[in-house]
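Participant: below is the structure, and that's it, no one-letter string:
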């Protein structure tokens, strides 16, 4: 696949008292990158079709923090699909700062589901057309 | 009404690079206090009844920040109903720290609504029994 | 002054179970707009000069929520200085969505301070040059 | 070691438009549990000693999301030290809900550091007394 890139600035409210981006916010940045990636492929993380609700809830997320990111750093997030399973996608997110340094590397695994009742989800095989869009 | 009190500790992730609680988090703390208050009166901020969804969305929120709150401060939030309107409630939230100092004073106004279709809300008069519970 | 505009998309993680942007996140968006505005004028919300730390901590914030903002809405935030006091700035933030509807109107008041010791701040008069930059 | 438990309620603002706790908030809950654990052992995540700043910044975090957590669920977080390295601690956090179901299992690895200059950190061996406190 063609790697996808998006950028996001570290805002004042993203930092903590250690003076650096709070570690939980990397996961929010990954979500933004994942959503931007899907949008660039004509897809989404949550949608309605045929009267049903579909989506890509996460089943796993991880991140290695290599260097601190600071207020006003502009982070480039490079998204690649590390594994395209039958029902799931594992994304790899590499964060680099404006100096070209790798700041963090994270992964998110999301599963295709549809709602089949209040609070009931069913996982689905990713259809061929969606696979083609994902593989871009 | 009898004032209601709840406490919440300032966590590491609630701070920002200035070393103090980030100002937006006071609004999250107010929401916790509002929810705890409603729960103590047998009420909620969001519920289903007669097949419909009801709730108390906020229409206004404000806060004056008087002193910084720091990591590990235990804030006591005193909730009073400042105004009980026909369809709305205005809460006053006073934040005091473990030294008895007033740290912040905020207000939230919430309106009773029910969903009457996708993305459509209708405001409602607060029924007599709910008023009695609120006035506690 | 010339009004300043910036845009920000409502991300999945900005929403709550009511399906709309959580009210506390408007304050985070206002902070982003305030920082972007200051940056556009060659200023900042936090900086070092002459070996001292300066900044614009908030002393008050408020917001009226007029219409819900939803996932993927692109909000334009128009920043104006409503009042430029001797030591403080009051910003007005108007949020409009991609349909031109006003979603929310908020205000933040920030005071110019410098650190004069651990956990000690001193408020300062806004110098003439900074006033000129702010009035742009 | 004796496992440590703490509880935290899922607040309205912790949810997202899918009606469940947003995945990034599990990392905030883990941080609260980690801090509570350290406090219970007479330790902290950030402190000053001998004129220097010490702390336990995270170098890695991960979480598997097994079941959704919903508004008002009371999550019990059981903290165990999975690995106590020379300079680092790896915590395991198991989240169970009020029905006794395991909701998520996460890990955080933190390294003992001290500040040795602006923006410069040095990793340190965990001293014997601290190891004893951690092993409780």
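Facilitator: Received, thanks. All figures in this text were calculated on a predicted structure; none of them were measured in a lab. Residues are numbered from 1 along each chain as shown, chains lettered A, B, ... in the order given.

Participant: gap between the residue of chain A found nearest chain D and chain C?
Facilitator: Proximity of chain A to chain D (C-beta to the nearest C-beta) peaks at residue A:62, 3.4 Å away. Where C-beta positions appear, they are placed from N, C-alpha and C, glycine not excepted. The gap separating residue A:62 from chain C is 17 Å, by C-beta to the nearest C-beta, to the nearest Å.

Participant: same check on residue A:73?
Facilitator: 13 Å.

Participant: do the same with residue A:94
Facilitator: 20 Å.

Participant: before we move on, what about residue A:1?
Facilitator: Using C-beta to the nearest C-beta, we find residue A:1 at a distance of 22 Å from chain C.

Participant: quick revisit: what does the pLDDT read for the residue of chain A closest to chain D?
Facilitator: For residue A:62, the pLDDT comes out at 98.

Participant: so is the helix or strand harbouring it next to chain B?
Facilitator: For residue A:62, the host element (DSSP states H and E) is strand A:58-65. No. Strand A:58-65 lies apart from chain B when judged by C-beta under 8 Å from any C-beta of the partner chain; the minimum separation is 14.2 Å.

Participant: how far does that strand sit from the chain's center?
Facilitator: From the chain centre to the centre of strand A:58-65 is a distance of 10 Å (C-alpha atoms, centre = their mean, to the nearest Å).

Participant: and if you look at stretch A:74-94?
Facilitator: Distance of stretch A:74-94 from the chain centroid (C-alpha atoms, centre = their mean) equals 7 Å.

Participant: now do the end-to-end distance for it.
Facilitator: Using C-alpha to C-alpha, to the nearest Å, the end-to-end distance of stretch A:74-94 comes to 13 Å.

Participant: any part of that stretch near chain D?
Facilitator: No. Stretch A:74-94 stays out of contact with chain D when judged by C-beta under 8 Å from any C-beta, the minimum separation being 12.5 Å.

Participant: coming back round to it: beta partners for the residue of chain A closest to chain D?
Facilitator: The partner list for residue A:62 in beta bridges (DSSP bridges) reads residue A:107, residue D:62.

Participant: residues in chain A within reach of chain D, list them.
Facilitator: Contact residues, chain A versus chain D (C-beta under 8 Å from any C-beta): A:17-20, A:23-25, A:27-28, A:31, A:46, A:55, A:57-65, A:68, A:119.

Participant: any idea how far the residue nearest to the spatial centre of chain A is from residue A:19?
Facilitator: By C-alpha atoms, centre = their mean, the mean C-alpha position of chain A lies nearest to residue A:34, the distance being 2.9 Å. As for residue A:34, its distance to residue A:19 is 27 Å (criterion: C-beta to C-beta, to the nearest Å).

Participant: tell me which strands and helices the following helix or strand past the strand holding residue A:62 is in contact with?
Facilitator: Of the helices and strands lying after strand A:58-65 in sequence (DSSP H and E), the nearest is strand A:74-84. Packing partners of strand A:74-84 (3 or more C-beta pairs under 8 Å, 6 or more residues apart in numbering or on different chains; DSSP states H and E): strand A:4-9, helix A:25-40, strand A:88-96, helix A:128-135.
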